[in-house]
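1. make a model of this:
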Amino acid sequence: MQRRDFLIASLRAGAAFGAANAWPAFALSPEGRAFDAAIAAQPWLKPFKGVTDQDLRCDALTLSGRWPADFRGRFYRNGPALYERDGQRYHHWFAGDGMVQQFSFGGGARPAVRHLGRLVRTPKLAAEQQAGKFLYSAYGTKIESDAPTQGTDSFNVANTNAIEHAGRVLAMWEGGSAFAMRPDDLATLGPVTWQEGLAQMPFSAHPKLDAHGHLWNFGSAGRNLVVWHIDPAGRLVDAQIGETPYPGGMAHDAAITERYIVLPLPPIKLHFGEDAASGQAFTYEANEPLRILVMRKDDIAQRRVFELPSQMVFHVGNAHERADGSIALSFVGSPTPEFVMNTASSLLAGHPGSFGGSSTQLAVLDMRSGRVRVESMNDIVEFPRVHPLRNGLDTRWLLTAATWAGSAAKPLWFHGLQLRDLRTGRAQRYDYGPQTVVEEHILVPKPGAQGELDAWLLGTTYDVKRGVTRVNLLDARHLADGPIAQATLPYGLPYGFHGNFTAA
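-> Sure thing, here's the model as predicted:
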């Protein structure tokens with residue numbers, strides 16, 4: 001397949017999505033009022049209320065504990081943030097316009113932490129700000145409109161991940177361009193076109209940065225698949241075009257090894273333009289396997305597909321090549337897609353629903369025989385992260401948000417952290433408590449250190465009782481001791497998805 005064919009297919013998908021905007025809109029203001037009423041009984045839902053078009057800024061967070069003098073840099077998080085406009089409210093968590101949160105850590109003898117939150121100024125956001133209403137259908141939500149579309153970036157919400165690379169912040173979504181932002185003030189610079197002729201080709205939300213600064217990513221549209229390689233200076237090395245073995249399937253995250261891209265393809269398809277409330281927004285093909293597509297980085301036509309028992313996968317932990325040529329892969333899997341199909345919609349309506357459960361999975365993919373074996377851990381986790389310098393290499397420790405039996409916390413959401421030893425299976429945990437909602441935490445290497453546990457753990461939590469968001473710093477070697485330092489905002493942030501740290 002030629003690059004031109006991929007681009008045409010992507011733009012046709014955008015045109016089809018735009019055509020769906022003519023379908024009936026959902027009901028207006030009653031949904032927003034119903035959600036507001038639900039918050040009174042379940043205050044942990046408040047971050048799903050979202051933000052307005054205004055930026056968020058705090059130049060001096062309230063600090064506690066001991067902030068290390070050599071902890072300097074910028075911590076980015078991204079997630080859906082704007083859910084309501086002109087009395088309309090989205091029907092799915094993943095639909096909201098993206099807001100990048102930046103926490104800046106000054107370090108030194110008198111440390112300071114500041115926060116800046118800015119919506120990504122996409123063409124969609126700009127058009128809807130001017131119109132004063134939603135114009136484009138979004139994830140699981142129909143909007144009645146005759147607004148024109150000019151490809152997938154017409155409805156790109158840039159709401160899933162953010163990473164600083166080659167001097168700019170990339171805000172990323174599933175189906176369109178990455179949007180560049182300035183690190184100093186988070187001003188949106190616009191969609192990234194890696195090379196002339198590749199505009200609006202999908203650059204997915206989970207790029208992997210290797211130890212040498214190279215960025216690897218994929219994108220998919222229909223039966224089409226692209227694999228991206230970006231060098232440390234932010235220049236395109238290659239964009240290889242191919243086909244997916246599961247056309248139309250949701251492809252969310254991938255792992256890398258020294259030679260391969262490892263892409264899980266769960267048996268679920270998203271139907272843009274359909275409303276989650278109708279039950280038609282997703283198709284789950286329970287009789288289909290979970291496919292793991294393994295492609296060579298230097299030639300994605302050299303590939304092998306592994307078939308595992310049917311399950312839902314959003315996120316991978318890591319992958320590496322073993323001495324016998326097989327590939328070890330860690331990921332988080334769920335027996336059903338209950339969360340994406342139902343719970344992520346009911347949350348925005350003020351009805352928590354069922355989490356469905358997801359656990360750590362360890363797979364060994366035999367590249368010679370095509371056989372695979374899988375071991376499932378006894379845990380309930382999400383948002384797996386590894387030491388950033390170990391992407392694609394043998395990794396011992398896997399960090400996740402977690403919940404577990406015996407805690408006083410609500411079982412729907414995560415209340416703790418887990419650090420699992422993938423060699424022994426043992427896990428260390430820290431419980432933030434029943435009045436705290438735990439979001440993704442990441443590992444940040446300590447300056448000059450090489451060991452996997454010579455790192456800090458950094459992440460956000462929502463204090464339900466006080467209604468504020470807090471940034472937490474823990475020592476990876478002493479997880480059970482809890483945060484060594486915390487920085488608290490005077491306000492709460494919308495629940496986010498993913499982020500990364502850039503050392504200063």
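2. contacts only, for residue 299.
-> Going by C-beta atoms under 8 Å, 6 or more residues apart in numbering, residue 299 touches residue 240. (Each C-beta comes from the backbone N, C-alpha and C, glycine too.)
3. quick one, phi psi at it?
-> Phi and psi for residue 299, reported as degrees, to the nearest 10, are phi -160, psi 100.
4. is it bridged to anything, and to what?
-> Counting by DSSP bridges, residue 299 is bridged to residue 296.
5. where does the stretch 401-504 of the chain dip in pLDDT?
-> Low-confidence segments of the stretch 401-504 of the chain, defined by pLDDT under 70: 406-412.
6. can you give me the strands in it?
-> For the stretch 401-504 of the chain, the strands defined by DSSP state E, counting those that start in this stretch occupy 416-421, 427-431, 436-445, 455-463, 468-475, 485-488, 498-503.
7. once you drop chain neighbours, what's closest to the residue lying farthest from the centre of the chain?
-> What lies farthest from the middle of the chain is residue 109; by C-alpha atoms, centre = their mean that is 34.1 Å. In this structure, residue 109 finds its nearest non-sequential neighbour in residue 69, 6.2 Å apart by C-beta to C-beta, 6 or more residues apart in numbering.
8. I'd assumed residue 105 was in contact with that neighbour.
-> No. Using C-beta atoms under 8 Å, residue 69 is not in contact with residue 105, being 10.7 Å away.
9. related to what we said a few turns ago, for residue 224, see how far away the residue farthest from the centre of the chain is.
-> Distance from residue 109 to residue 224, counting by C-beta to C-beta, to the nearest Å: 54 Å.
10. what of residue 40?
-> Distance of residue 40 to residue 224, computed by C-beta to C-beta: 47 Å.
11. any weak-confidence spans in this protein?
-> Regions of the chain meeting the criterion pLDDT under 70 cover residues 1-30, 355-356, 406-412.
12. please enumerate the helices of it.
-> 3-19, 30-41, 123-131, 338, 344-346 (DSSP state H).
13. roughly how far is the second one from the heart of the chain?
-> When distances are taken as C-alpha atoms, centre = their mean, to the nearest Å, helix 30-41 is centred 26 Å away from the chain's centroid.
14. how about the third one?
-> Relative to the centre of its chain, helix 123-131 is centred 24 Å away, using C-alpha atoms, centre = their mean.
15. name the residues that touch it?
-> By C-beta under 8 Å, 6+ apart, helix 123-131 touches 53, 82, 85, 97, 119, 134-136, 147, 153-157.
16. on that earlier part again, number of residues surrounding the residue nearest to residue 109?
-> Burial of residue 69 is recorded as 12 neighbouring residues (other C-beta atoms under 10 Å).
17. mind listing what it touches?
-> For residue 69, the contacting residues are 107, 108, 109, 111, by C-beta under 8 Å, 6+ apart.
18. among those residues, which ones are in strands?
-> Cross-referencing those against strands under DSSP state E gives no overlap.
19. buried ones from the residues you listed, can you make that a PyMOL selection?
-> Only the buried entries of the contacts of residue 69 go into this PyMOL selection, using 16 or more other C-beta atoms under 10 Å:
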select buried, resi 107+111
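20. what's the closest of the contacts of residue 69 to residue 245?
-> Comparing these against residue 245 with C-beta to C-beta places residue 107 closest, at 47.5 Å.
21. quick check: closest non-adjacent residue to the closest one.
-> residue 72 (3.6 Å).
22. you'd agree the one you found is up against residue 501?
-> No. At 10.4 Å, residue 72 and residue 501 do not qualify as touching, with contact defined as C-beta under 8 Å.
23. neighbour count winner among these two?
-> The neighbour count for residue 72 versus residue 501, taken as other C-beta under 10 Å, is higher for residue 501 (21 against 15).
24. which residues does the more buried one contact?
-> Neighbour list for residue 501: 73, 74, 75, 76, 388, 442, 444, 458 [criterion: C-beta under 8 Å, 6+ apart].
25. and the gap between the second one and residue 253?
-> Meaning residue 74. With the distance defined as C-beta to C-beta, residue 74 ends up 23 Å from residue 253.
26. who has more neighbours out of these two?
-> Regarding residue 74 and residue 253, a neighbour count based on other C-beta under 10 Å identifies residue 253 as having more, with 23 against 18.
27. and that one, what does it touch?
-> Contact partners of residue 253, counting by C-beta under 8 Å, 6+ apart, are 204, 205, 206, 264, 313, 314, 315, 316.
28. what's the closest non-adjacent residue to the second one?
-> The reference is to residue 205. residue 160 (3.6 Å).
29. what's the overlap in contacts for residue 69 and residue 105?
-> Joint contacts of residue 69 and residue 105 (C-beta under 8 Å, 6+ apart) are residue 111.
30. coming back round to it: out of the contacts of residue 501, which end up buried?
-> Using 16+ other C-beta under 10 Å as the burial test, those include 73, 74, 75, 76, 388, 442, 444, 458 as buried.
31. spatially, which two of the residues you listed are the most separated?
-> Greatest spatial distance among those (C-beta to C-beta): 74 and 388, at 14.2 Å.
32. that older thread, how near is the residue nearest to residue 107 to residue 84?
-> Using C-beta to C-beta, residue 72 is found at 37 Å from residue 84.
33. cool, and residue 191?
-> Residue 191 sits 25 Å away from residue 84, going by C-beta to C-beta.
34. what does residue 56 give?
-> As judged by C-beta to C-beta, residue 56 and residue 84 stand 16 Å apart.
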